[in-house]
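1. please find the sequence and the predicted model below.
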Amino acid sequence: MVDHPATPKARKDEVFLAAYTNKLSGRPGDTIQFHVSCQSNSNTPIHTRLVRSICADPNPKGPGILEEDASQWFPPTQFQGRHQPIPCGSFAATKESISLPQDESSVVSIDIWVYPTLLQSTLVDRQYIWTWGKDFGLSMNQNGKLQFGSLVFESYALSIRKWYQICLVRNRSDRTIQLKVIMDDRDGRIVCNEIHPYSETNNDNNFAGRFSLATQGTWNGRLEHPRILLKNGQHGDDVWIEWETWQNMAGWVIPAQSQVMDDMDDNRFDLVLHHQPTRGMTGHLWDGTEHCWKHEPSHYGAIYFHEDDGYDFEWEPDLKWKIPDNTPSGIYVLHLTTTTTTTTAIDEESASEDTVVHRESLPIFVCAKKPSAKLCVLVSTFTYVMYGNHGRSDFDEQAFDRIRQEDGYKSSATVYPHNAFQHPSYRQSTYNFHSDGSGIHYASHRRPLFTTRPGYISLPHTSCSGLRHFQADSHLIAFLHFQQQQQQQQRHSNDGATSCPFDYDIITDHELHSEGVSCLQDYETLMTGTHPEYHTLGSLSAINDFRDKCNGNIIYLGGNGFYWRIGASEVPTPPWLSSGQDHKDDDDDDSNSVHLLEIRRAEDGVRTWACEPGEYYHALEEKCTYGGLWRRNGRPPQKLVGIGFSSQGPFQGMPFQRNLSLDPSLHWILEGIPTDQTILGDFGLSGGGAAGFELDRVDRGLDGLEASRFSVPITIVAQSHGQEPDFILVPEEVLTTYSNTSGLTEAEAKRADMIYFRLKRSVPSVGSSSTQSPDDDDAGGSQVFSVGSITFCGSLPHNRFENEIATILCNVLTRFASTD
């Protein structure tokens, strides 16, 4: 046994070159750190090149991978590669060693509540419940039998998903070890009470060292309220040290307490949690009378450890980039490349050498220090992280290999060569499961995220590009750059005008959360990508305040947006304290950066797993916020953008059908499209149509706009046409087998609505010089345009961006840039 985590061995599914950044985004003056691991010796050079990313879709039927050299902002360089291990699972350990008092008559007991969730681990033969120093600890073997060193307690085997109180007693005077196991059932039965001789192997030093739970990250299950008790002579047991695991729920340190020691104020025996075990989980006392951990903390003492926890890899940085002051806002990618050479014998006298190039690519989202455009594009970094390394159950490895060998893809070598499904050691997404079958609650960007790489294909079995998230959003970025180029000549000849409706800055969810509406207030329009699904209270409120307090316009170009509420922690997870100093320095100013995200999949919604009863509140936030859908938190997406998630189907797209009775005052949205063309967007790189996969529609019972001071009519510009039979209503829409919340037939409710509405101007703030009455019907308030489909942006590149879907977006952007 050891009193520190073992150095993890290289995993079989490790890739040759992997990396991540300490922050996903920054502004000029900020420093980005790059943490890199290479499966090679330290003499292997790794070369860097910075580019600006225009399109991340490798499909040769579209623009392909488009990048612009950005070496002027970060000149090419090289550094020496080294291997950095993937961390072990979660565990806890005291800050310093604990030594037992030198009293030969004492009896020491270690008491803890245990809830195993996996017996047969594929990683280890024994799962450690706790250890104390190098030679004293309790583990569970693959048969559920408890084990002390080589001693196996044979009389009872633990079962999964049951609570046990387990007490190991070592009696110094009679040299015995006793194990007592009490099942937490109605009778509190003692199911094991074994006593065995025990000879100390190292005198008294075996009770000296750090006390650790889930040692080496091997335990799968919940642990609660560990206590070390001492008994001297005729006295009863005294609690020498205990850790009330329901304390400091939103933090990573559990204070030590004692009935007998007076010097506990220095915190040296506090229990530090490593590699992000899950908190806010029901313990053995939970009886269903309370569902919020803040109201009854003692019912939530369980800490859930997993052998595959660990979302911050804690690698050392290899490279830094201080973003220059004149760096334009945009999406950048740092390419890393290195090579290896293999020698193959041809015959006894000759051999051939093959050189293999290994690549890694890291996106960096550079926000503007001051706005340089009227338009701001929202990069959905929270959604990117929550889906990060999503190992899809429908991943088709043969289709993936086949695509990489197709002429159009192979010639450019732009398909990202790895898929998250094939490399689970890099920790999968919140759509996946731990090895014990429980859902993954936490996500972090501080690990290699394959799913954010240019050229990554999520759905290789589809007939289109098969992209999600970052790569799918790049269709929008490519559209903006194309329109900029188209207008460049006109722009320079137009009396020196320098503004263009397609010029843009970017902002990310991380800035919205940390800075609030202040990071948006100087823009006129905020435009989303394909799937802004996950939001904290801070990020969602920033967008809402931009619309309602700053009269900002919103263009929502996705589906299933603003759906899940998530928690966020800005408290850094602690490094293993014996491994040396933390790597933070003066340049690593990420005090306002979100380090960890949390999801509680409560009540209903489209989800791959569901939270256990009583576990619907976030643990990362001290306010103990309720998780689940924003709809269940009183803020459905309809209140913000006029539409909300209603139906889902395969990754297929359908066209829109224009509203033939559209109010003439809104004909500008469809200007340039022949009036006899009723079908819009029956093409696209995402599903083959502009309305597909996940669809949003109007629900006037949820948007609250008619009942508010705005009293706003919502106009449907177009609706999806020809839904496939495989599309179904989302769970929160369904009431019974024959009714739903909309009051429509199921066929009518399964649709995407492309809509427009305009709010009245908000009441001027105190001190404002505006004399505009908020009651004027024609007051120039916020405008909102929403498309209700994830696949909409995939139709933009069709026919080199010359199509009706691109025309609609051009019209909206131009109008929003020109109206007051």
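-> Sure thing, it's come through. Just so it is clear, the structure is predicted and the values come from calculations on it, not from any experiment. Residues are numbered from 1 along each chain as shown.
2. okay, helices next: where are they in the protein?
-> Under the criterion DSSP state H, the chain contains helices at 381-386, 397-405, 407-412, 469-493, 509-515, 537-548, 638-641, 700-703, 746-749, 798-801, 804-818.
3. need the winner for burial among those helices.
-> For the helices of the chain, average neighbour numbers computed from mean count of other Cβ atoms under 10 Å are highest in helix 381-386, which has a mean of 27. The way it works is simple: take the backbone N, C-alpha and C, and place the C-beta from them, glycine included.
4. which among the helices of the chain is found nearest to residue 671?
-> helix 804-818 (5.5 Å; Cβ to Cβ).
5. okay, the closest one in CSV with CA atoms only?
-> Taking Å, rounded to 0.1, in the frame of the first residue of the first chain, the C-alpha atoms of helix 804-818 are listed here in CSV:
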residue,chain,number,x,y,z
GLU,A,804,-32.0,31.1,-50.3
ILE,A,805,-30.9,30.2,-46.8
ALA,A,806,-27.8,32.4,-47.2
THR,A,807,-30.0,35.1,-48.7
ILE,A,808,-32.3,35.1,-45.6
LEU,A,809,-29.4,35.4,-43.2
CYS,A,810,-27.9,38.2,-45.3
ASN,A,811,-31.2,40.1,-45.2
VAL,A,812,-31.5,39.7,-41.5
LEU,A,813,-27.9,40.8,-40.8
THR,A,814,-28.2,43.8,-43.1
ARG,A,815,-31.5,44.8,-41.6
PHE,A,816,-30.3,44.5,-38.0
ALA,A,817,-27.2,46.5,-38.8
SER,A,818,-29.2,49.3,-40.4
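6. burial count for the closest residue to residue 227 other than its chain neighbours?
-> Leaving aside its chain neighbours, residue 227 sits nearest to residue 242 (4.1 Å; criterion: Cβ to Cβ, 6 or more residues apart in numbering). Residue 242 has 17 neighbouring residues, counting by other Cβ atoms under 10 Å.
7. what's the answer for the one 3 residues further on, then?
-> The number of residues packed near residue 245 is 28, by other Cβ under 10 Å.
8. doesn't residue 224 make contact with it?
-> Yes - using Cβ atoms under 8 Å, residue 245 is in contact with residue 224, at 5.4 Å.
9. show me what contacts residue 97?
-> Contacts for residue 97 were tallied using Cβ atoms under 8 Å, 6 or more residues apart in numbering; they are 3, 133, 208-210.
10. same check on residue 487?
-> Per Cβ under 8 Å, 6+ apart, neighbours of residue 487: 500, 502.
11. cool, and residue 35?
-> So residue 35 contacts 19-22, 84, 313, 315-318, 446 (Cβ under 8 Å, 6+ apart).
12. just the buried residues from these, in PyMOL please.
-> What follows is the PyMOL syntax for the buried subset of the contacts of residue 35, where burial is set by 16 or more other Cβ atoms under 10 Å:
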select buried, resi 19+20+21+22+84+313+315+317+318+446
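13. closest to residue 332 out of the contacts of residue 35?
-> residue 21 (10.9 Å).
14. for that closest one, give me its contacts.
-> Residue 21 makes contact with 32-35, 362, 364, 445, according to Cβ under 8 Å, 6+ apart.
15. from residue 596, how far off is it?
-> 15 Å (Cβ to Cβ, to the nearest Å).
16. kindly report the same for residue 275.
-> Residue 275 is 11 Å from residue 596, by Cβ to Cβ.
17. who has more neighbours out of the two?
-> residue 275 (26 against 22).
18. spit out the contact partners of that one.
-> Counted by Cβ under 8 Å, 6+ apart, residue 275 has contacts 87-91, 217, 309-312, 573.
19. again, only this time at 10 Å
-> By Cβ atoms under 10 Å, 6 or more residues apart in numbering, the contact set of residue 275 is 5, 87-92, 214, 217, 305-306, 308-314, 427, 573-574, 576.
20. same question for residue 669.
-> 658-659, 662, 715, 717-718, 754, 756, 785, 807-809, 811-812, 815 are the contacts of residue 669 under Cβ under 10 Å, 6+ apart.
21. next, the distance between the ends of stretch 449-460.
-> Start and end residues of stretch 449-460 are separated by 18 Å (Cα to Cα, to the nearest Å).
22. please apply the same query to stretch 654-663.
-> 24 Å.
23. coming back round to it: with distance to residue 111 as extra columns, can I get the helices of the chain in JSON lines?
-> Shown next, in JSON lines, are those (distance: least, Cβ to Cβ, whole Å):
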{"stretch": "helix 381-386", "distance to residue 111": "38"}
{"stretch": "helix 397-405", "distance to residue 111": "48"}
{"stretch": "helix 407-412", "distance to residue 111": "60"}
{"stretch": "helix 469-493", "distance to residue 111": "47"}
{"stretch": "helix 509-515", "distance to residue 111": "41"}
{"stretch": "helix 537-548", "distance to residue 111": "39"}
{"stretch": "helix 638-641", "distance to residue 111": "50"}
{"stretch": "helix 700-703", "distance to residue 111": "51"}
{"stretch": "helix 746-749", "distance to residue 111": "55"}
{"stretch": "helix 798-801", "distance to residue 111": "67"}
{"stretch": "helix 804-818", "distance to residue 111": "64"}
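24. fine by me, we can end here.
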